[in-house]
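A.B. asks: I would like the atomic coordinates for the input below:
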Amino acid sequence: MDGTKRGCLQPRYNSPVVQVGLIGVVCFCCPGMFSALSGLGGGGQVEHTVANNANTALYTTFAVFGILGGGIYNILGPHMTLFTGCCTYVLYAASFMYYNHMHTSAFVIIAGALLGVGAGLLWAGQGAIMTSYPTQDRKGVYISLFWSVFSFGGVVGGFIPFILNYSSTNASVNDGTYIAFMSFMAFGTILTLGLLHPDRVIRDDGSKVTLVKYSDVWIEACEIMKLFKNRNMLLLTPACWASNFFITYQFNNVNGLIFNVRTRGFSNAFYCVAQILGSIGIGYVLDFSCKCRRKRGFIGLGIVALMGTAIWGGGLASQLKYDSNKSAMNDLDFKNSGSAYAEPFVLYFCYGLLDAMFQTLCYWTIGALADDSHTLSRYSGFYKGVQSAGAAVAWHIDSQKTSLLAQLLINWGLASLSYPLVFLVILLSVTDGTSKQEIEENGLEQPARINFSMISLETKFTIDQQILCSL
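C.D. replies: Below you'll find the predicted structure:
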């Protein structure tokens, strides 16, 4: 029985599970806290316009550097790329504390744009680590591991404003909230220096993470341009676009609009708990539901599609009960509102469940298309780039005071459009061995081809005898 079958949780520092767990902790501290901050609605401010404009700038630059991030990661390596990316999260949180006192939006918007650059670098590297380090039959497990650790950052981040603003009557969060976020982000930034280079990571079955030495800017630029002609990437574009589009509606217009300040943190913590549960559940299905990997993908997609339809349908029923003119809705409190709080809380919890399931499915599908970290860093960068372009549009749509019902229907429609296209990618390109695309692009041998140089002399002699007898 090989190392993979014995279990994927080996306590070696250079094992994939430790390195994926470590990048999970980095994202716990940086994107996890950023998600908690965004989940407060308007970055914890009563007026959402500044946060919306900052997020529009953020996701615009994120769209560009998300796509470029894979190439930059391949050239600079993990330490410089991830450290630089994480530094921008600290600056972003600091800009909101500055806004609390100065009420000047320029710094917040500039910090948002810089965070888009940093996030592009961080997520391209994260995607490469998460999808290329595990073996093909354990990618769902590793994606779930990362997503659970990362989402737990949102749980902790959600309870920070809940505790620090428990007795506050202000509509905006206090300075201590932003300082706590900055402290976590600074720790995550330092932690990136502990990540190993991919060529030092050894899987539990003894194999090394595939690493092709690319250090030429021109080569990386050409490889990135090829992504826009790649059939699978084009088919996945609607799913990439939809995968963060709904965040604006859920954070600003469900959590941010319906609940008061302390309850937003409480609800957001459980949104992240739901993400953990959703990722673990769908990750198990994608790795263990049956022997055939393609069939597992179909089963996972079917579950996500059915749950997505049900949850967005529930969201529509809830949305019809209120609109953006009912400012009194943000008075709902987890402690004092009784049953009126229960329905939107359960809906928001289900939104978190669906978010993690949808994104885990996307990452699993991308991870099934190749194994080497360089290819998957580009694929992950493309995913985050297109995802961020969609998010930039979503934040801008909300800043224009677009009808909440219209925003919900757009989100539901985008998700529904992506399901059949993901089905095509799984049907055409996901196999039970090395992916077709990896064979074509990297010049690998077909797995079924026999390499006689690897066969023992005894086996060769047996084959020769059988041939002679047949003659």
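
A.B. asks: tell me what the strand or helix carrying residue 342 is packed against?
C.D. replies: Residue 342 is part of helix 339-367, with elements assigned from DSSP states H and E. Using 3 or more C-beta pairs under 8 Å, 6 or more residues apart in numbering; DSSP states H and E as the contact definition, the elements that helix 339-367 packs against are helix 105-132, helix 139-164, helix 231-242, helix 245-250, helix 261-288, helix 293-319, helix 373-399, helix 404-429. (C-beta placed from N, C-alpha, C; glycine too.)

A.B. asks: I'd like the ones you listed as JSON lines, with mean pLDDT, mean neighbour count and distance to residue 38 appended.
C.D. replies: Formatted as JSON lines, the entries for these read as follows, by pLDDT from 0 to 100; neighbours: other C-beta atoms under 10 Å; distance: least, C-beta to C-beta, whole Å:
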{"stretch": "helix 105-132", "mean pLDDT": "92", "mean neighbour count": "25", "distance to residue 38": "11"}
{"stretch": "helix 139-164", "mean pLDDT": "86", "mean neighbour count": "24", "distance to residue 38": "10"}
{"stretch": "helix 231-242", "mean pLDDT": "96", "mean neighbour count": "21", "distance to residue 38": "18"}
{"stretch": "helix 245-250", "mean pLDDT": "91", "mean neighbour count": "24", "distance to residue 38": "7"}
{"stretch": "helix 261-288", "mean pLDDT": "89", "mean neighbour count": "24", "distance to residue 38": "9"}
{"stretch": "helix 293-319", "mean pLDDT": "95", "mean neighbour count": "18", "distance to residue 38": "19"}
{"stretch": "helix 373-399", "mean pLDDT": "88", "mean neighbour count": "25", "distance to residue 38": "10"}
{"stretch": "helix 404-429", "mean pLDDT": "95", "mean neighbour count": "18", "distance to residue 38": "16"}
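
A.B. asks: Could the C-alpha coordinates of stretch 293-307 be exported in CSV?
C.D. replies: This file holds the C-alpha atoms of stretch 293-307, laid out as CSV (Å, rounded to 0.1, in the frame of the first residue of the first chain):
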residue,chain,number,x,y,z
ARG,A,293,-13.1,10.7,-11.6
ARG,A,294,-15.2,12.1,-14.4
LYS,A,295,-18.3,10.6,-12.9
ARG,A,296,-17.4,12.1,-9.5
GLY,A,297,-17.2,15.5,-11.3
PHE,A,298,-20.7,15.0,-12.7
ILE,A,299,-22.1,14.1,-9.3
GLY,A,300,-20.5,17.1,-7.7
LEU,A,301,-21.7,19.4,-10.4
GLY,A,302,-25.3,18.0,-10.1
ILE,A,303,-25.3,18.6,-6.3
VAL,A,304,-24.0,22.2,-6.7
ALA,A,305,-26.6,23.0,-9.4
LEU,A,306,-29.5,21.6,-7.4
MET,A,307,-28.5,23.3,-4.2
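
A.B. asks: Out of the helices and strands packed on helix 339-367, flag the one nearest residue 192.
C.D. replies: Counting by C-beta to C-beta, residue 192 lies closest to helix 105-132 out of these; the figure is 8.4 Å.

A.B. asks: relative orientation of the closest one and helix 139-164 in degrees?
C.D. replies: Between the direction of helix 105-132 and that of helix 139-164, the angle (axes from the mean of the first three to the mean of the last three C-alpha atoms, to 10 degrees) works out to 150 degrees.

A.B. asks: can you pull the buried residues of the helix holding residue 342?
C.D. replies: Of all the residues in helix 339-367, those buried under the rule 16 or more other C-beta atoms under 10 Å are 341, 344-345, 347-367.

A.B. asks: hang on, the earlier thing: nearest to residue 52, out of the helices and strands packed on helix 339-367?
C.D. replies: With respect to residue 52, and counting by C-beta to C-beta, the nearest of those is helix 373-399 at 3.8 Å.

A.B. asks: Check which helices and strands that closest one sits against.
C.D. replies: When contacts are defined as 3+ C-beta pairs under 8 Å, 6+ apart, helix 373-399 packs onto helix 49-76, helix 105-132, helix 217-226, helix 231-242, helix 245-250, helix 339-367, helix 404-429, helix 436-442.

A.B. asks: Reformat these as TSV; add distance to residue 278.
C.D. replies: Output for the helices and strands packed on helix 373-399, formatted as TSV (distance: least, C-beta to C-beta, whole Å):
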stretch	distance to residue 278
helix 49-76	23
helix 105-132	16
helix 217-226	31
helix 231-242	16
helix 245-250	14
helix 339-367	4
helix 404-429	14
helix 436-442	28
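
A.B. asks: For residue 158, find the nearest of those helices.
C.D. replies: helix 339-367 (10.4 Å).

A.B. asks: next one: that closest one to chain centre, how far?
C.D. replies: What separates the centre of helix 339-367 from the centre of its chain is 13 Å, taken as C-alpha atoms, centre = their mean, to the nearest Å.

A.B. asks: list the contacts for the residue nearest the centre of the chain?
C.D. replies: For the chain, the residue nearest the mean C-alpha position is residue 359 (5.9 Å; C-alpha atoms, centre = their mean). Going by C-beta atoms under 8 Å, 6 or more residues apart in numbering, residue 359 touches 147, 243, 279.

A.B. asks: just residue 221 next, same as before
C.D. replies: residue 71.

A.B. asks: The chain should start at 770 in everything you say after this.
C.D. replies: Renumbered: residue one is now 770, and that last one reads residue 990.

A.B. asks: tell me the mean pLDDT for stretch 790-803?
C.D. replies: For stretch 790-803, the mean per-residue pLDDT is 94.

A.B. asks: now stretch 952-960
C.D. replies: 96.

A.B. asks: Which positions within that stretch qualify as buried?
C.D. replies: For stretch 952-960, burial by neighbour count (16+ other C-beta under 10 Å) applies to 953, 954, 955, 956, 957, 958, 960.

A.B. asks: Just the C-alpha atoms of it, please, in PDB.
C.D. replies: Listed next in PDB are the C-alpha coordinates belonging to stretch 952-960 (Å, rounded to 0.1, in the frame of the first residue of the first chain):
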ATOM      1  CA  SER A 952      -2.400  42.300  13.200                       C
ATOM      2  CA  PHE A 953      -3.600  39.100  11.700                       C
ATOM      3  CA  MET A 954      -2.700  40.300   8.200                       C
ATOM      4  CA  ALA A 955       0.800  41.300   9.300                       C
ATOM      5  CA  PHE A 956       1.300  37.800  10.900                       C
ATOM      6  CA  GLY A 957       0.100  36.100   7.600                       C
ATOM      7  CA  THR A 958       2.600  38.200   5.600                       C
ATOM      8  CA  ILE A 959       5.500  37.000   7.700                       C
ATOM      9  CA  LEU A 960       4.300  33.500   7.500                       C
END
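
A.B. asks: Any chance you could list what contacts that stretch?
C.D. replies: When contacts are taken as C-beta under 8 Å, 6+ apart, the neighbours of stretch 952-960 outside the stretch itself are 791, 794-799, 801-803, 852, 855-856, 858-859, 862, 922, 925-926.

A.B. asks: follow-up on the earlier one: out of the buried residues of stretch 952-960, which sit inside helices?
C.D. replies: Residues of the buried residues of stretch 952-960 located in helices (DSSP state H): 953, 954, 955, 956, 957, 958, 960.
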